[in-house]
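K.L.:
Have a look; sequence and predicted model below, questions after that.
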Amino acid sequence: MDLHEYQAKQLFAKFGVPAPKGKVARTPDEAAAIAKELGSVVVVKAQVHTGGRGKAGGVKVVKSPEEARAAAEKILGMDIKKHKVQIVLVDPGADIKKELYFAVTNDRAARKPLFMASSEGGMDIEQVNRETPEKIIRVHVDPLLGLREYQVVKMASGMGLAREYWGQFSKIAHNLYRCYVETDATLCEINPLAIVGTESGPMLMALDGKMSIDNNALMSHPDLAELRDASGEPEEEIKAREEGLNYVKLGGQIGCMVNGAGLAMATMDMVAQFGEADGILPANFLDVSGGAGEDKVAAALRIILSDPAVKSIMINIFGGITRCDEVAKGILQALAEVPTDLPMIIRLTGTNQDEGLKIINDANLPNVQSARSFSEAAQKAVAAVKGA
Amino acid sequence: MAILIDRNTKVLVTGITGKQGLFHTRQMIEYGTNVVGGVTPGKGGEWVEGKPVFDTVIAAKEATGANCAVIFVPPRFAADSMLEAIDAGIEFIVAITEGIPVQQMMKVRAVLDQSTSKLLGANCPGLLTPGQSKVGIMPGFIAKPGPVGVVSRSGTLTYEAVFALTERGIGQTTCVGIGGDPVNGMSFIDVLQMFEEDADTEKVVLIGEIGGTDEQKAADFIKEHMTKPVVAFIAGQRAPEGKTMGHAGAIIEGGVGTAAEKIEKFNSVGVKVASNPEEIPDLL
């Protein structure tokens, strides 16, 4: 789950990583009031779950509450890569002396937390990685030992940080690691970590922040789960999450319902293999998982049907521990509950597959066809869209 | 011959009194698995399906001589269960539980790497040696004894592929599901190496998916170390970037882990890649 910049920076501050004391606004008036309170120069920043907002005009430096109001008016409601801006962060302006990059993330290949520090802050880190990878200092942390001081020194000296900042940097590094561990984050990124001039002298500060929380850990962090802003997500995906289903909208015409994630991906691929030449593609990824009982099938069917682009439905179930005849009955009951005229192709394989298919065929529903093989089902689903 | 488990493997079920644990204990016993007991803290002394229940893994191991533990406990307790099994010196641990946070698995992995235990999963269907033993949740009827080793990151897709082989008369030595989490125990390479060394395995089927670089590493391993032919299938050719496709590990991040990248890698080392699961038996 991705957090907004303002949420990440609030968490950083909570764990002792210095961040600007900005506030969020949902209207231009609120933005003006915050600017007045903060005084002099402020930065108005769009809060959206996507990158590239600077280039899209979603970040503006302004010099008065009136200008802040005008900037917020422009930014709020803006469309940035299909994400509508609903919140802006108003941060106090900063006297930036230097910009660094600093982050900790899960390195799945090394199976360890990975710190990355670079003198090339404020830029796209992937670009730095492509063009000058030697400018990123990488340190793997042993999860049993935690971050050690010699590793902090390796990063500070490796990125050429002036020694007067090493003390501050060490505190930030340890506090960021604590933030990452205690929130079960998959990413805590500060870009830039800037040296800014303040009344009490120059100091390191997290001017921008990005955090993602492990979805599997949200159960044990209800306070973090509440930070979810689903406003940028397709409605179907929000509903599916509430039903405990794995659903990803893909934009094609064939609604897919499958048990198991791998089989669901293979089903999308199979549909595309037969349909792509005619512009016919899978509408979604949907894993009903486990037993595919009546309730789950009905919920899944409702979500598939709520996508108006869907022209046919392909149900692909492998009956393992659950028997296909039981799955077939579940599908028919779900169909009684959620009726549809859309063509539907059902393929059941595994335990009691013949009995399952017989139940589907005997129901004699005019829009429902059964299929024996995986490829036959995909071909029929594609043909049904063409015929529509 | 087979790899990892056979009819002599003594299996302990942790979480044996839970709904999933109990159901699959029955299924395993019915298949012929040598289940010797179970563990549920606070229920030591009880009996389930004629098998003794213990409070701790170490007590169960001492009483039964178990050399394998299968973990069915809920995600909140699963990392603890794995650490307990490692601490008790269980040789082979199979973790079925789905939904364990990655940072917890990184800790388990760090402890595991300093032990002599092997871990399969978490978030995996387990494994099955046809006609001898199954540990986990794979349906028994899909498989039959024969010369093909199967290793996969998926659950039902594996069943589909194995069932397709069986229907065409092609049996298997052992079918292994390594699971779909980003940080887990045994990798493709670990299992491929065992199949290479197993006298009865003649050919291998590898079923991968998007996300990470395990398939690419497997391709390098096959090129360098394997004499037996391998056929692969990669799920998720249509997956968009940045979206988790059901498994926590099935996600394309920063352009890395696409199906196209993995297929190309396999092709470059001479591994045949099926365009869909039905093609796998033909390519063998």
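P.N.:
Good, I have the coordinates. Every value quoted in this text rests on a predicted model; they were computed, and no experiment measured them.

K.L.:
Looks like residue A:298 contacts residue A:336 (just checking).
P.N.:
No. Assessed by Cβ atoms under 8 Å, residue A:298 is found out of contact with residue A:336, at 9.1 Å. (Glycine included, C-beta is placed from N, CA and C.)

K.L.:
Can you give me the pLDDT of the residue lying farthest from the centre of chain B?
P.N.:
For chain B, the residue at maximal distance from the C-alpha centroid (Cα atoms, centre = their mean) is residue B:45, at 30.3 Å. At residue B:45, the model reports a pLDDT of 96.

K.L.:
Now stretch B:36-52 - C-alpha only, PDB.
P.N.:
Extracted in PDB, the C-alpha atoms of stretch B:36-52 (Å, rounded to 0.1, in the frame of the first residue of the first chain):
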ATOM      1  CA  VAL B  36       3.400 -39.100  13.000                       C
ATOM      2  CA  GLY B  37       1.800 -36.300  15.000                       C
ATOM      3  CA  GLY B  38       0.900 -32.600  15.400                       C
ATOM      4  CA  VAL B  39       1.700 -29.500  17.300                       C
ATOM      5  CA  THR B  40      -0.700 -26.900  18.800                       C
ATOM      6  CA  PRO B  41       0.400 -25.000  21.800                       C
ATOM      7  CA  GLY B  42      -2.000 -25.600  24.700                       C
ATOM      8  CA  LYS B  43      -3.400 -28.800  23.200                       C
ATOM      9  CA  GLY B  44      -0.500 -31.200  24.000                       C
ATOM     10  CA  GLY B  45      -1.800 -34.600  25.100                       C
ATOM     11  CA  GLU B  46      -4.800 -34.600  22.800                       C
ATOM     12  CA  TRP B  47      -5.200 -36.900  19.900                       C
ATOM     13  CA  VAL B  48      -6.200 -36.000  16.300                       C
ATOM     14  CA  GLU B  49      -7.000 -38.700  13.700                       C
ATOM     15  CA  GLY B  50      -5.200 -41.200  15.900                       C
ATOM     16  CA  LYS B  51      -2.100 -39.000  16.000                       C
ATOM     17  CA  PRO B  52      -0.600 -37.500  19.200                       C
END
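
K.L.:
Return the residues in contact with residue B:32.
P.N.:
B:7, B:131-133 (Cβ atoms under 8 Å, 6 or more residues apart in numbering or on different chains).

K.L.:
ok, now which ones touch the residue farthest from the centre of chain B?
P.N.:
residue B:53.

K.L.:
and which of the contacts of residue B:32 is nearest to chain A?
P.N.:
In terms of Cβ to the nearest Cβ, no member of the contacts of residue B:32 lies closer to chain A than residue B:133, at 16.9 Å.

K.L.:
I'd like the distance between residue A:84 and residue A:47.
P.N.:
Applying Cβ to Cβ, to the nearest Å, the value for residue A:84 to residue A:47 is 11 Å.

K.L.:
Neighbour count for those two, which is higher?
P.N.:
residue A:47 (22 against 13; other Cβ atoms under 10 Å in any protein chain shown).

K.L.:
wait, the more buried one sits on residue A:88?
P.N.:
Yes. Residue A:47 is within contact range of residue A:88, at 6.4 Å (criterion: Cβ under 8 Å).

K.L.:
what residues do the two have in common as contacts?
P.N.:
residue A:24.

K.L.:
check contacts around residue B:149.
P.N.:
By Cβ under 8 Å, 6+ apart, the neighbours of residue B:149 are B:3, B:172-176, B:191, B:195, B:198, B:201, B:203-205.

K.L.:
Apart from its chain neighbours, what residue comes closest to residue A:296?
P.N.:
Among residues not flanking residue A:296 along the chain, residue A:288 sits closest, at 5.0 Å (Cβ to Cβ, 6 or more residues apart in numbering or on different chains).

K.L.:
Tell me, how many residues neighbour that neighbour?
P.N.:
26.

K.L.:
which ones are touching it?
P.N.:
Contacts for residue A:288 (Cβ under 8 Å, 6+ apart) come out as A:245, A:257-259, A:296-297, A:300, A:317.

K.L.:
Tell me the confidence at it?
P.N.:
In this model, residue A:288 carries a pLDDT of 86.

K.L.:
from the contacts of residue B:32, which are also near chain A?
P.N.:
Restricting the contacts of residue B:32 to those touching chain A (Cβ under 8 Å from any Cβ of the partner chain) yields no residues.

K.L.:
ok, back up a step: show the backbone phi and psi for the residue nearest to residue A:296.
P.N.:
Torsion angles at residue A:288 (phi, psi; degrees, to the nearest 10) stand at phi -80, psi -10.

K.L.:
From residue A:216, how far out is it?
P.N.:
For residue A:288 relative to residue A:216 (Cβ to Cβ), the value is 19 Å.

K.L.:
Kindly report the same for residue A:67.
P.N.:
Residue A:67 is 44 Å from residue A:216, by Cβ to Cβ.
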